[in-house]
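predicted coordinates and the sequence they were generated for:
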Amino acid sequence: MTSLALFPLMYSIWVLTLTYSPISSFSSPSPSAAKVCILQNSFEPGFVAEGDYVIGGLFPFHYIQEMPDLNCTYKPPPVKCNGYSFNPRAFRWAQTMRLAVEEINQNTELLPNYTLGYKIIDSCEHPLTGQRAALAVLNGLSEDHSPMCSRASPLLAVIGESGSAQSIVVSRILQPFRIPMISYFSTCSCFTDRIKYPNFFRVIPNDDYQVKAIAQLLVRFNWTWVGLVRGDHEYGRFAVQGLMRELQGTKVCVAYQEMIPLLYNRQKVLEILQVMQSSTAKVVVIFSAEGEMTPLLRDYMKQNITGIQWVASEAWVTASVLTGNEYYPYLGGTIGFGIRKGHISRLSDYLLTVNPQIYPSNPLVQELWEALYGCSPSLSSGSQLPSCSGQESLLDQHSSYMNTSSPRVAYNVYKAVYAIAHSLHNLLLCQPDRGPFLNNSCAQSNNIKPWQLQHYIQKVTFNIAGEVVNFDMKGDSIPYYDIINWQRGTSGNIEFVNVGLFDGTKPAGEKLVIQEDRIVWADSIECTSCPEDFWSNNNRTACIPKKVEFLAYDSLGIALTVISVVGACLTIAVLAVFFHHRDTAIVRVNNSELSFFILFALTLCFLCSLVFIGEPTSWSCMLRHTAFSITFSLCISCILGKTLVVLAVFTATRPGNNIMKWLGPKQQRAIIFSCTLIQVVICAAWLIDAPPYPSQNAQYERSKIILECSVGSNLAFWCVLGYIGLQACLCFILAFLARKLPGNFNEAKFITFSMLIFSAVWLAFIPAYISSPGNYADAVESFAILASSFGLLFCLFAPKCYIILLKPEKNTKQHLMGKEKK
């Protein structure tokens, strides 16, 4: 314990000996001072590019460190970054910085006639190695190339760091040189202290907003018993303190608080996992970096612990390294707050340009290939992995590196580089005697001081991809988070799905917006399934009865009832008109007996639609389809008989034609009876074999029960509809043949038109009925019955009523037969 505690102090003292001579030489440069400056250790950068103005980049290409032997008998070697802990995601961030610099250098409007250079260093996701990286980015590659040994550093700003603990160290090292830094991933609220961190800016919201969002999330889902786990750094400490402050006055209680050791200690981690497993709190909030979470989760999976609902901080909620399908049984359903995503149009193509063929001597590119393909592209690397060509194609399956569909941290890096470029551009536009510095002076373009650039960073405002980027007086940016849910993708891997947002600029009560229906919960909380007739409440704490729906006497049911009654009344009124004028020519010529049969059947058709309204019962379900099918079959049979009579009447006028003796009143009744009897037999067989019955449909909408009538036998249902269709087609064909027969009142024309309307209604009914759910299927069938009934009523009887009531002078046999004298 003592050696582990003393090591950071010892290592810091040893590394900082490097800075003593440069600072003195900076204040008083001289040849003798320059000779005293000696680099204590070499530290190769990942990527370097020359430019008129140089910016640094610090990225955690590795997330595990190898500590040296501390026997104090010799100078300790430097901390090594473990090659087996390479982070392709961080490598993508670094390539994003390179892409942004290249875009700016090619831009003729931004920094024209000037170029940006960069020096990108591996910080190894640790404060000690972050300190070393900060000093390395200030220094050159050797004593001969170290401007710090003879003059001020050309470094104007630093993009970094990722973790808050590393950023604290880097900020303190850069402060004596007054070099500004813009972090893309450090969220600790401690950085708002402008006295301690005067040179710190960030393009990511600070944790004060994140802890508010997490507290609201816990309250929203009524998670009142939770565990807290944090990393051993300022980020975790300040985040937990802020969350505890936000939870005061709520019903949320904390069951335990655990801390992941900064230097990974498996024994300590197993103790943390034991606490999580034994606790009754099944919701765990974790404030930790991706590098700390990865080994912890591997041990979590080895212990085969399940049943935890993870609430992730922004530091690991979009960690691509955790998206493998092996993680889903343990991490599926995780929810958390992620950085706002953006769009970088050229990033995908740019990443494809990085391979061992183009960078044969860059060890980071070699390690990228080893991490993605499990092979070594270099024979001289000493790797135990099988060799490969280095020309392999980068695929979408390498999501930890190639996932560019919704960049978040990479987008922050992109914005940070452009923030420096726009600030530098504004600095170079300064007009003499109108500058912001002493005596209204401007910065000298050939000798820009970092603190002068910081002045312009504080005031910069620009647009990128439709987003306004600027910094408040504390160096913070706009507080905005996407709510991320971990769901299973089509290939079995984990996908990050947006299910809401948190907008810190909105008023209280409107900041948190969650689309709960889009969230997929895994087996993260111990749940008890509700009975079939019940549904969980919004807080998922109790079972409440499901809402029961059917075609009731509400607005839709009442409307159908009114239409049905009006149709029946109209039919009865027509029947009364026909009965009153039964001795007139138009009634007699058109076979009054069949007309009365049709009107009677139509009245029943209108009234049978009422059976479809109301709560389904055994009797109503059986009556619905049988009553409808028999009454319609009776109606169409009567129309068929009338059509045959019309056709027979006009063909009987030909010499030698004696067809009318076969279509007398008795034969007409026999046709109607036999045609209807067939439908009755089909319905009887249906009711005996598999009658319709009331059923509960809970599949269409899980929160509702829809009461409906199951047809019992689909074959029988479509048989009765098919038989009615067959009758209608036969009737249409016969009426079509008789449409051109002589006479002023050829009823075959009206029958033809009525059958067209009838067929159109029922052809449209079939797809509408199949696609309509529950009570709407009943409404569709009821509407089809009413529409076809009105079509038959108006087509067949409106012309007759018009002559009877409004044109009585045409109600003569001579006029109807076309023999009226002109």
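Arrived safely. From a predicted model like this one, the values you see are computed outputs, not experimental measurements.

in stretch 337-354, what counts as buried?
Neighbour-count burial for stretch 337-354 flags 337, 338, 339, 340, 341, 342, 344, 347, 350, 351, 354 (criterion: 16 or more other CB atoms under 10 Å). From N, CA and C alone the C-beta is placed, and that goes for glycine too.

could you report the distance from the third one to residue 275?
Between residue 339 and residue 275 the computed distance is 30 Å (CB to CB, to the nearest Å).

before we move on, back to that, out of the buried residues of stretch 337-354, list just those in helices.
Of these, the ones assigned to helices by DSSP state H are 347, 350, 351.

mind listing the strands for the stretch 351-500 of the chain?
Using DSSP state E, counting those that start in this stretch, the strands of the stretch 351-500 of the chain run over residues 461-464, 467-470, 480-488, 494-503.

can you give the strand pairings for the second one, parallel or anti for each?
According to DSSP bridges, the neighbouring strands of strand 467-470, each with its direction, are strand 461-464 (antiparallel).

and the contacts of the partner strand?
342, 414, 415, 418, 419, 422, 468, 469, 470 (CB atoms under 8 Å, 6 or more residues apart in numbering).

check the gap between the first one and residue 469 for me.
Translated: residue 342. 10 Å.

could you find the closest non-adjacent residue to residue 504?
residue 479 (3.0 Å; CB to CB, 6 or more residues apart in numbering).

I'd like the distance between the one you found and residue 109.
From residue 479 to residue 109 the distance is 30 Å (CB to CB).

so for those two, which residue has more residues nearby?
The neighbour comparison of residue 479 against residue 109 (other CB atoms under 10 Å) goes to residue 479, with 20 against 6.

which pLDDT value goes with the more buried one?
On pLDDT, residue 479 comes in at 86.

same deal with residue 43?
For residue 43, pLDDT reads 64.

still on that earlier bit, any chance of the ones in helices among the buried residues of stretch 337-354 in TSV, plus pLDDT and distance to residue 319?
Compiled in TSV, these are given as follows (pLDDT from 0 to 100; distance: CB to CB, whole Å):
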residue	pLDDT	distance to residue 319
347	91	18
350	91	22
351	89	18
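
which one of those is nearest residue 505?
Ranked by distance to residue 505 (CB to CB), these are led by residue 347 at 27.7 Å.

my read: that closest one touches residue 100, true?
No - at 9.6 Å, residue 347 does not count as touching residue 100 under the criterion of CB atoms under 8 Å.

hmm, back to that, and the contacts of strand 461-464, which are buried?
Buried among these (16+ other CB under 10 Å): 342, 414, 415, 418, 419, 422, 469.

and of those, the nearest to residue 204?
Closest to residue 204, out of all of the buried ones among the contacts of strand 461-464 and judged by CB to CB, is residue 415, at 9.4 Å.

quick one, longest helix in the chain?
Scanning the chain for the longest helix, with DSSP H as the assignment, gives helix 618-651.

for that helix, which residues meet the burial criterion?
620-650.

just checking, what packs against it?
The contact analysis (3 or more CB pairs under 8 Å, 6 or more residues apart in numbering; DSSP states H and E) places helix 618-651 against helix 592-608, helix 665-689, strand 693-697, strand 704-710, helix 714-737, helix 747-771, helix 775-806.

reformat the ones you listed as JSON lines; add mean neighbour count.
Listed next are those as JSON lines, based on neighbours: other CB atoms under 10 Å:
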{"stretch": "helix 592-608", "mean neighbour count": "21"}
{"stretch": "helix 665-689", "mean neighbour count": "15"}
{"stretch": "strand 693-697", "mean neighbour count": "16"}
{"stretch": "strand 704-710", "mean neighbour count": "21"}
{"stretch": "helix 714-737", "mean neighbour count": "17"}
{"stretch": "helix 747-771", "mean neighbour count": "18"}
{"stretch": "helix 775-806", "mean neighbour count": "20"}
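
out of those, the one nearest residue 268 is which?
Across those, closest to residue 268 is strand 704-710 (CB to CB), at 50.1 Å.

against which helices or strands is that closest one packed?
Using 3+ CB pairs under 8 Å, 6+ apart, strand 704-710 is in contact with strand 547-549, helix 618-651, strand 693-697, helix 775-806.

partners of it in the sheet?
As assigned by DSSP bridges, strand 704-710 forms pairs with strand 547-549 (parallel), strand 693-697 (antiparallel).
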